[in-house]
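Colleague: following is a predicted model, sequence given first.
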Amino acid sequence: MTTSNLILVAVPVVALAWANGANDVSKGVATLIGSGVAGPRRAILWGTLWTVLGGLAALALGSALAGTFASGFLVPGFPMSMVFVVGTLSGACAWLLLATRAGWPVSTTHALLGAIVGAALFAAGPAGLKPGALAGKALLPLLASPLLAIALCWLILLATRWLASKVPAWRPGCCAEEQWRRDPFVCAPGGSRPAPLRRRILTALHWASSGATSFARGLNDVPKIAALLIAAAAPAAAGPAPPQSFALAIVAVTLVMGVGSIWGGLRVARVLAHRVAALDSERGLIANLGTSLLVLAASPLGLPVSTTHVSTGALMGIRWAEHRLPGQGDALRAILLAWCVTLPACAAFAAAASALFQLL
(Lines give C-alpha, C1' and ligand atoms only; values in the text may rest on other atoms or scores of the structure.)
Protein backbone atom coordinates (compact mmCIF):
# COMPACT_ATOMS: atom_id res chain seq x y z
CA MET A 1 0.00 0.00 0.00
CA THR A 2 1.36 3.41 -0.96
CA THR A 3 1.69 6.21 1.57
CA SER A 4 -1.13 8.21 -0.05
CA ASN A 5 -3.47 5.21 0.04
CA LEU A 6 -2.57 4.52 3.65
CA ILE A 7 -3.49 8.10 4.55
CA LEU A 8 -6.77 7.80 2.65
CA VAL A 9 -7.68 4.77 4.74
CA ALA A 10 -6.28 6.07 8.03
CA VAL A 11 -8.26 9.33 7.98
CA PRO A 12 -11.75 7.72 7.99
CA VAL A 13 -10.53 5.05 10.45
CA VAL A 14 -9.45 7.78 12.87
CA ALA A 15 -12.72 9.67 12.37
CA LEU A 16 -14.77 6.50 12.91
CA ALA A 17 -12.82 5.57 16.06
CA TRP A 18 -13.33 9.08 17.44
CA ALA A 19 -17.06 8.99 16.65
CA ASN A 20 -17.37 5.55 18.25
CA GLY A 21 -15.74 6.80 21.44
CA ALA A 22 -18.00 9.84 21.57
CA ASN A 23 -21.18 7.83 20.99
CA ASP A 24 -20.46 4.60 22.84
CA VAL A 25 -18.61 5.48 26.05
CA SER A 26 -22.00 6.35 27.56
CA LYS A 27 -23.12 2.70 27.41
CA GLY A 28 -20.90 1.76 30.34
CA VAL A 29 -21.20 4.84 32.54
CA ALA A 30 -24.79 6.04 32.07
CA THR A 31 -25.92 4.13 35.16
CA LEU A 32 -23.27 5.84 37.30
CA ILE A 33 -24.54 9.23 36.15
CA GLY A 34 -28.25 8.39 36.30
CA SER A 35 -28.04 6.99 39.82
CA GLY A 36 -26.04 9.93 41.12
CA VAL A 37 -23.04 7.78 42.09
CA ALA A 38 -20.70 9.88 39.94
CA GLY A 39 -20.72 13.19 38.11
CA PRO A 40 -20.72 13.10 34.29
CA ARG A 41 -17.06 14.02 33.75
CA ARG A 42 -15.76 11.64 36.38
CA ALA A 43 -17.89 8.84 34.94
CA ILE A 44 -16.68 9.55 31.39
CA LEU A 45 -13.05 9.36 32.52
CA TRP A 46 -13.75 6.04 34.26
CA GLY A 47 -15.45 4.63 31.17
CA THR A 48 -12.62 5.86 28.93
CA LEU A 49 -9.98 4.14 31.07
CA TRP A 50 -11.71 0.77 30.88
CA THR A 51 -12.59 1.18 27.21
CA VAL A 52 -8.90 1.66 26.44
CA LEU A 53 -7.98 -1.38 28.52
CA GLY A 54 -10.63 -3.44 26.70
CA GLY A 55 -9.35 -2.23 23.35
CA LEU A 56 -5.80 -3.26 24.22
CA ALA A 57 -7.13 -6.66 25.36
CA ALA A 58 -8.31 -7.12 21.76
CA LEU A 59 -4.65 -7.72 20.90
CA ALA A 60 -5.12 -11.17 22.43
CA LEU A 61 -8.88 -11.73 22.17
CA GLY A 62 -10.06 -9.73 19.15
CA SER A 63 -8.74 -11.65 16.16
CA ALA A 64 -12.03 -13.51 15.58
CA LEU A 65 -14.05 -10.28 15.40
CA ALA A 66 -11.44 -8.60 13.20
CA GLY A 67 -11.56 -11.52 10.79
CA THR A 68 -15.35 -11.42 10.68
CA PHE A 69 -15.49 -7.75 9.76
CA ALA A 70 -12.46 -7.79 7.46
CA SER A 71 -13.78 -10.45 5.09
CA GLY A 72 -16.35 -12.66 6.81
CA PHE A 73 -19.30 -11.11 4.98
CA LEU A 74 -17.65 -10.98 1.54
CA VAL A 75 -17.21 -13.73 -1.05
CA PRO A 76 -13.69 -15.15 -1.59
CA GLY A 77 -11.72 -13.02 -4.03
CA PHE A 78 -13.76 -9.87 -3.34
CA PRO A 79 -11.74 -6.86 -4.55
CA MET A 80 -10.68 -5.09 -1.33
CA SER A 81 -10.17 -1.83 -3.22
CA MET A 82 -9.57 1.63 -1.81
CA VAL A 83 -13.02 2.66 -3.06
CA PHE A 84 -14.64 -0.09 -0.98
CA VAL A 85 -12.59 0.50 2.18
CA VAL A 86 -12.88 4.29 2.19
CA GLY A 87 -16.56 4.16 1.23
CA THR A 88 -17.34 1.74 4.08
CA LEU A 89 -15.48 3.74 6.71
CA SER A 90 -16.84 7.09 5.51
CA GLY A 91 -20.44 5.87 5.46
CA ALA A 92 -20.29 4.47 9.00
CA CYS A 93 -18.45 7.53 10.31
CA ALA A 94 -20.93 10.00 8.80
CA TRP A 95 -23.86 8.28 10.50
CA LEU A 96 -22.14 8.01 13.88
CA LEU A 97 -21.19 11.69 13.86
CA LEU A 98 -24.75 12.66 12.94
CA ALA A 99 -26.22 10.42 15.66
CA THR A 100 -23.81 11.70 18.30
CA ARG A 101 -24.71 15.28 17.43
CA ALA A 102 -28.40 14.39 17.87
CA GLY A 103 -27.76 12.50 21.12
CA TRP A 104 -28.85 9.11 19.73
CA PRO A 105 -27.07 6.05 21.20
CA VAL A 106 -26.74 4.12 17.93
CA SER A 107 -24.75 0.98 17.22
CA THR A 108 -21.28 1.11 15.66
CA THR A 109 -21.69 -2.57 14.79
CA HIS A 110 -24.90 -1.84 12.91
CA ALA A 111 -23.28 1.18 11.23
CA LEU A 112 -20.29 -0.83 10.02
CA LEU A 113 -22.45 -3.71 8.86
CA GLY A 114 -24.74 -1.41 6.86
CA ALA A 115 -21.73 0.41 5.38
CA ILE A 116 -20.06 -2.86 4.35
CA VAL A 117 -23.25 -3.94 2.59
CA GLY A 118 -23.70 -0.59 0.82
CA ALA A 119 -20.09 -0.35 -0.35
CA ALA A 120 -20.03 -4.02 -1.42
CA LEU A 121 -23.24 -3.60 -3.44
CA PHE A 122 -21.71 -0.59 -5.18
CA ALA A 123 -18.46 -2.44 -5.91
CA ALA A 124 -19.70 -5.87 -6.95
CA GLY A 125 -23.47 -6.06 -6.61
CA PRO A 126 -25.30 -8.74 -4.58
CA ALA A 127 -22.83 -11.38 -5.80
CA GLY A 128 -20.12 -9.86 -3.62
CA LEU A 129 -21.89 -10.67 -0.33
CA LYS A 130 -22.42 -13.88 1.65
CA PRO A 131 -26.11 -13.83 2.61
CA GLY A 132 -25.73 -16.74 5.03
CA ALA A 133 -22.86 -15.09 6.90
CA LEU A 134 -24.72 -11.79 7.08
CA ALA A 135 -27.79 -13.49 8.53
CA GLY A 136 -26.09 -15.93 10.88
CA LYS A 137 -23.04 -13.99 12.09
CA ALA A 138 -24.43 -10.47 12.07
CA LEU A 139 -28.17 -9.95 11.85
CA LEU A 140 -29.13 -12.78 14.21
CA PRO A 141 -26.75 -11.73 17.04
CA LEU A 142 -27.70 -8.08 16.56
CA LEU A 143 -31.42 -8.83 16.78
CA ALA A 144 -31.15 -11.39 19.58
CA SER A 145 -28.74 -9.53 21.88
CA PRO A 146 -31.12 -6.76 23.05
CA LEU A 147 -33.87 -9.33 23.64
CA LEU A 148 -31.47 -11.44 25.70
CA ALA A 149 -30.44 -8.32 27.63
CA ILE A 150 -34.07 -7.48 28.40
CA ALA A 151 -34.76 -11.01 29.62
CA LEU A 152 -31.51 -11.31 31.58
CA CYS A 153 -31.91 -8.02 33.40
CA TRP A 154 -35.56 -8.79 34.09
CA LEU A 155 -34.52 -12.06 35.75
CA ILE A 156 -31.69 -10.42 37.67
CA LEU A 157 -34.06 -7.73 38.88
CA LEU A 158 -36.56 -10.32 40.11
CA ALA A 159 -33.77 -12.28 41.80
CA THR A 160 -32.67 -9.19 43.72
CA ARG A 161 -36.12 -8.25 45.00
CA TRP A 162 -35.19 -9.64 48.40
CA LEU A 163 -32.36 -7.10 48.55
CA ALA A 164 -34.61 -4.27 47.38
CA SER A 165 -37.12 -5.05 50.10
CA LYS A 166 -34.45 -4.27 52.68
CA VAL A 167 -33.59 -0.87 51.20
CA PRO A 168 -35.60 1.93 52.85
CA ALA A 169 -38.02 3.71 50.53
CA TRP A 170 -37.92 7.47 50.15
CA ARG A 171 -40.43 9.31 52.32
CA PRO A 172 -41.39 12.98 52.01
CA GLY A 173 -39.65 14.92 54.73
CA CYS A 174 -37.01 12.25 55.27
CA CYS A 175 -34.40 13.91 53.06
CA ALA A 176 -33.98 15.28 49.57
CA GLU A 177 -34.85 12.64 46.97
CA GLU A 178 -31.53 13.20 45.22
CA GLN A 179 -29.71 12.49 48.50
CA TRP A 180 -31.76 9.31 48.93
CA ARG A 181 -30.75 8.13 45.46
CA ARG A 182 -27.09 8.43 46.43
CA ASP A 183 -27.61 6.68 49.78
CA PRO A 184 -31.11 5.26 50.42
CA PHE A 185 -30.21 4.29 53.99
CA VAL A 186 -30.49 7.90 55.11
CA CYS A 187 -34.23 7.15 55.24
CA ALA A 188 -33.87 4.04 57.41
CA PRO A 189 -36.49 3.94 60.21
CA GLY A 190 -35.19 5.34 63.47
CA GLY A 191 -32.09 6.58 61.75
CA SER A 192 -30.59 3.08 61.70
CA ARG A 193 -28.04 2.63 58.94
CA PRO A 194 -26.04 -0.38 57.85
CA ALA A 195 -22.33 -0.43 58.44
CA PRO A 196 -20.38 1.95 56.22
CA LEU A 197 -18.48 -1.03 54.85
CA ARG A 198 -21.69 -2.52 53.42
CA ARG A 199 -22.59 0.73 51.67
CA ARG A 200 -19.07 1.08 50.32
CA ILE A 201 -19.22 -2.45 48.93
CA LEU A 202 -22.48 -1.71 47.07
CA THR A 203 -20.98 1.42 45.54
CA ALA A 204 -17.75 -0.40 44.67
CA LEU A 205 -19.70 -3.13 42.89
CA HIS A 206 -21.52 -0.49 40.83
CA TRP A 207 -18.20 1.08 39.81
CA ALA A 208 -16.77 -2.36 39.01
CA SER A 209 -19.77 -3.34 36.86
CA SER A 210 -19.48 -0.06 34.97
CA GLY A 211 -15.81 -0.73 34.34
CA ALA A 212 -16.61 -4.26 33.15
CA THR A 213 -19.19 -2.93 30.68
CA SER A 214 -16.75 -0.35 29.31
CA PHE A 215 -14.03 -3.02 29.06
CA ALA A 216 -16.40 -5.30 27.15
CA ARG A 217 -17.32 -2.45 24.79
CA GLY A 218 -13.68 -1.74 23.96
CA LEU A 219 -12.95 -5.42 23.44
CA ASN A 220 -15.97 -5.80 21.13
CA ASP A 221 -15.73 -2.56 19.13
CA VAL A 222 -12.02 -1.97 18.53
CA PRO A 223 -11.46 -5.05 16.30
CA LYS A 224 -14.45 -4.14 14.14
CA ILE A 225 -13.06 -0.70 13.31
CA ALA A 226 -9.47 -1.92 12.92
CA ALA A 227 -10.53 -4.80 10.64
CA LEU A 228 -10.83 -2.77 7.45
CA LEU A 229 -7.55 -0.98 8.08
CA ILE A 230 -5.87 -4.37 8.61
CA ALA A 231 -7.41 -5.80 5.44
CA ALA A 232 -6.48 -2.77 3.35
CA ALA A 233 -2.90 -2.81 4.63
CA ALA A 234 -2.40 -6.49 3.75
CA PRO A 235 -0.45 -7.05 0.54
CA ALA A 236 -2.73 -8.05 -2.29
CA ALA A 237 -1.38 -11.57 -2.71
CA ALA A 238 0.24 -12.27 0.62
CA GLY A 239 -2.79 -13.56 2.50
CA PRO A 240 -3.56 -12.35 6.02
CA ALA A 241 -1.97 -9.17 7.33
CA PRO A 242 1.21 -9.70 9.40
CA PRO A 243 0.87 -9.69 13.20
CA GLN A 244 2.53 -6.30 13.55
CA SER A 245 -0.12 -4.72 11.31
CA PHE A 246 -2.86 -6.17 13.49
CA ALA A 247 -1.20 -4.86 16.67
CA LEU A 248 -0.58 -1.37 15.29
CA ALA A 249 -4.14 -1.06 14.01
CA ILE A 250 -5.62 -2.19 17.33
CA VAL A 251 -3.48 0.20 19.38
CA ALA A 252 -4.13 3.16 17.07
CA VAL A 253 -7.91 2.64 17.06
CA THR A 254 -7.94 2.18 20.84
CA LEU A 255 -6.10 5.43 21.55
CA VAL A 256 -8.23 7.50 19.18
CA MET A 257 -11.39 5.95 20.62
CA GLY A 258 -10.24 7.01 24.09
CA VAL A 259 -9.74 10.60 22.94
CA GLY A 260 -13.21 10.64 21.36
CA SER A 261 -14.72 9.30 24.59
CA ILE A 262 -13.28 12.16 26.64
CA TRP A 263 -14.05 14.93 24.17
CA GLY A 264 -17.51 13.97 23.00
CA GLY A 265 -19.09 11.42 25.35
CA LEU A 266 -21.30 13.64 27.50
CA ARG A 267 -24.13 14.30 25.04
CA VAL A 268 -25.28 10.69 24.59
CA ALA A 269 -24.47 9.79 28.22
CA ARG A 270 -27.04 12.29 29.48
CA VAL A 271 -29.73 10.73 27.26
CA LEU A 272 -29.14 7.17 28.50
CA ALA A 273 -28.64 8.29 32.10
CA HIS A 274 -31.88 10.24 32.45
CA ARG A 275 -34.25 9.56 29.55
CA VAL A 276 -34.65 5.78 29.25
CA ALA A 277 -35.19 4.37 32.76
CA ALA A 278 -35.13 5.79 36.27
CA LEU A 279 -31.97 4.52 37.94
CA ASP A 280 -30.55 4.06 41.37
CA SER A 281 -27.46 2.14 42.47
CA GLU A 282 -29.20 -1.25 42.47
CA ARG A 283 -30.77 -0.88 39.03
CA GLY A 284 -27.55 0.54 37.60
CA LEU A 285 -25.62 -2.43 38.90
CA ILE A 286 -28.12 -4.85 37.33
CA ALA A 287 -28.00 -3.09 33.94
CA ASN A 288 -24.21 -3.10 33.86
CA LEU A 289 -24.01 -6.73 34.98
CA GLY A 290 -26.38 -7.91 32.23
CA THR A 291 -24.57 -5.86 29.55
CA SER A 292 -21.05 -6.93 30.47
CA LEU A 293 -21.98 -10.64 30.73
CA LEU A 294 -23.50 -10.76 27.24
CA VAL A 295 -20.85 -8.69 25.46
CA LEU A 296 -17.89 -10.43 27.11
CA ALA A 297 -19.38 -13.82 26.21
CA ALA A 298 -19.87 -12.84 22.55
CA SER A 299 -16.53 -11.15 21.80
CA PRO A 300 -14.14 -14.17 21.87
CA LEU A 301 -16.63 -16.10 19.71
CA GLY A 302 -16.45 -13.48 16.97
CA LEU A 303 -20.13 -12.58 17.35
CA PRO A 304 -20.58 -8.86 16.56
CA VAL A 305 -23.20 -7.97 19.15
CA SER A 306 -23.97 -4.31 19.67
CA THR A 307 -23.00 -2.90 23.06
CA THR A 308 -25.48 -0.11 22.36
CA HIS A 309 -28.36 -2.49 21.84
CA VAL A 310 -27.39 -4.69 24.77
CA SER A 311 -26.99 -1.81 27.25
CA THR A 312 -30.17 -0.07 26.12
CA GLY A 313 -31.98 -3.41 26.16
CA ALA A 314 -30.81 -3.86 29.74
CA LEU A 315 -32.31 -0.50 30.68
CA MET A 316 -35.54 -1.43 28.89
CA GLY A 317 -35.68 -4.71 30.79
CA ILE A 318 -35.49 -2.83 34.08
CA ARG A 319 -38.07 -0.32 32.94
CA TRP A 320 -40.57 -2.88 31.70
CA ALA A 321 -40.09 -5.22 34.67
CA GLU A 322 -41.23 -2.35 36.89
CA HIS A 323 -44.07 -1.35 34.53
CA ARG A 324 -42.73 2.18 34.17
CA LEU A 325 -44.69 4.31 31.71
CA PRO A 326 -43.00 6.80 29.36
CA GLY A 327 -42.48 10.19 30.95
CA GLN A 328 -41.83 13.67 29.65
CA GLY A 329 -38.66 13.80 27.60
CA ASP A 330 -38.63 10.02 27.15
CA ALA A 331 -36.01 9.08 24.54
CA LEU A 332 -37.00 5.47 23.88
CA ARG A 333 -39.01 6.16 20.73
CA ALA A 334 -36.18 8.18 19.18
CA ILE A 335 -33.66 5.47 20.09
CA LEU A 336 -35.74 2.69 18.50
CA LEU A 337 -36.25 4.80 15.37
CA ALA A 338 -32.51 5.42 15.12
CA TRP A 339 -31.88 1.67 15.41
CA CYS A 340 -34.24 0.95 12.50
CA VAL A 341 -32.69 3.64 10.32
CA THR A 342 -29.01 2.82 11.00
CA LEU A 343 -28.60 -0.10 8.58
CA PRO A 344 -30.21 1.48 5.49
CA ALA A 345 -28.78 4.92 6.23
CA CYS A 346 -25.22 3.61 6.53
CA ALA A 347 -25.61 1.50 3.41
CA ALA A 348 -26.75 4.57 1.47
CA PHE A 349 -23.99 6.76 2.92
CA ALA A 350 -21.33 4.15 2.07
CA ALA A 351 -22.56 3.67 -1.49
CA ALA A 352 -22.62 7.46 -1.99
CA ALA A 353 -19.13 7.83 -0.52
CA SER A 354 -17.83 5.03 -2.75
CA ALA A 355 -19.31 6.68 -5.83
CA LEU A 356 -17.82 10.05 -4.85
CA PHE A 357 -14.40 8.59 -4.17
CA GLN A 358 -14.42 6.74 -7.50
CA LEU A 359 -14.93 10.04 -9.31
CA LEU A 360 -11.94 11.66 -7.60
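Modeller: Arrived safely, thanks for sending. Residues are numbered from 1 along each chain as shown.

Colleague: show me where pLDDT drops low in the stretch 1-150 of the chain?
Modeller: Applying pLDDT under 70 to the stretch 1-150 of the chain flags residues 1-6, 65-71.

Colleague: all helices of it, in order?
Modeller: Under the criterion DSSP state H, counting those that start in this stretch, helices of the stretch 1-150 of the chain are mapped to 3-24, 26-34, 40-61, 63-67, 82-102, 108-124, 131-133, 140-159.

Colleague: any idea which of the ones you listed is most buried?
Modeller: Greatest average neighbour count among the helices of the stretch 1-150 of the chain goes to helix 26-34 (a mean of 31), per mean count of other CB atoms under 10 Å. For the C-beta atoms, the positions are set from N, CA and C on the backbone; glycine is no exception.

Colleague: that one vs helix 82-102, what angle?
Modeller: Relative orientation of helix 26-34 and helix 82-102, computed by axes from the mean of the first three to the mean of the last three CA atoms, to 10 degrees: 10 degrees.

Colleague: among the helices of the stretch 1-150 of the chain, which is nearest Gly290?
Modeller: Closest approach to Gly290 among those is made by helix 140-159 (4.1 Å; CB to CB).

Colleague: so the closest one versus helix 108-124, what angle?
Modeller: Using the same axes, to 10 degrees, helix 140-159 lies at 170 degrees relative to helix 108-124.

Colleague: picking up where we left off before, adding distance to Leu255, write the helices of the stretch 1-150 of the chain out as JSON lines.
Modeller: What follows is the helices of the stretch 1-150 of the chain, written out as JSON lines (distance: least, CB to CB, whole Å):
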{"stretch": "helix 3-24", "distance to Leu255": "8"}
{"stretch": "helix 26-34", "distance to Leu255": "18"}
{"stretch": "helix 40-61", "distance to Leu255": "7"}
{"stretch": "helix 63-67", "distance to Leu255": "17"}
{"stretch": "helix 82-102", "distance to Leu255": "17"}
{"stretch": "helix 108-124", "distance to Leu255": "17"}
{"stretch": "helix 131-133", "distance to Leu255": "30"}
{"stretch": "helix 140-159", "distance to Leu255": "27"}
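
Colleague: so which of these comes closest to Ser292?
Modeller: helix 26-34 (8.2 Å).

Colleague: could you list every helix and strand in contact with that closest one?
Modeller: helix 40-61, helix 196-233, helix 266-274, helix 281-298, helix 307-321 (3 or more CB pairs under 8 Å, 6 or more residues apart in numbering; DSSP states H and E).

Colleague: give me whichever of the ones you listed is most buried.
Modeller: Stretch with highest mean neighbour count among those: helix 307-321 (a mean of 27; mean count of other CB under 10 Å).

Colleague: just checking, next helix/strand downstream of that one?
Modeller: Using DSSP states H and E, the helix or strand that follows helix 307-321 in sequence is helix 332-359.

Colleague: for the stretch 151-300 of the chain, what are the low-confidence residue spans?
Modeller: Scanning the stretch 151-300 of the chain for pLDDT under 70 picks out the ranges 157-173, 177, 179-199, 232-243, 271-284, 299-300.

Colleague: hang on, the earlier thing: let's have the helices and strands packed on helix 26-34 in JSON lines, adding distance to Ser107.
Modeller: Shown next, in JSON lines, are these (distance: least, CB to CB, whole Å):
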{"stretch": "helix 40-61", "distance to Ser107": "16"}
{"stretch": "helix 196-233", "distance to Ser107": "10"}
{"stretch": "helix 266-274", "distance to Ser107": "12"}
{"stretch": "helix 281-298", "distance to Ser107": "12"}
{"stretch": "helix 307-321", "distance to Ser107": "4"}
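
Colleague: to Ala252, which of those helices lies closest?
Modeller: The closest approach between Ala252 and any of those, judged by CB to CB, belongs to helix 196-233 at 7.6 Å.
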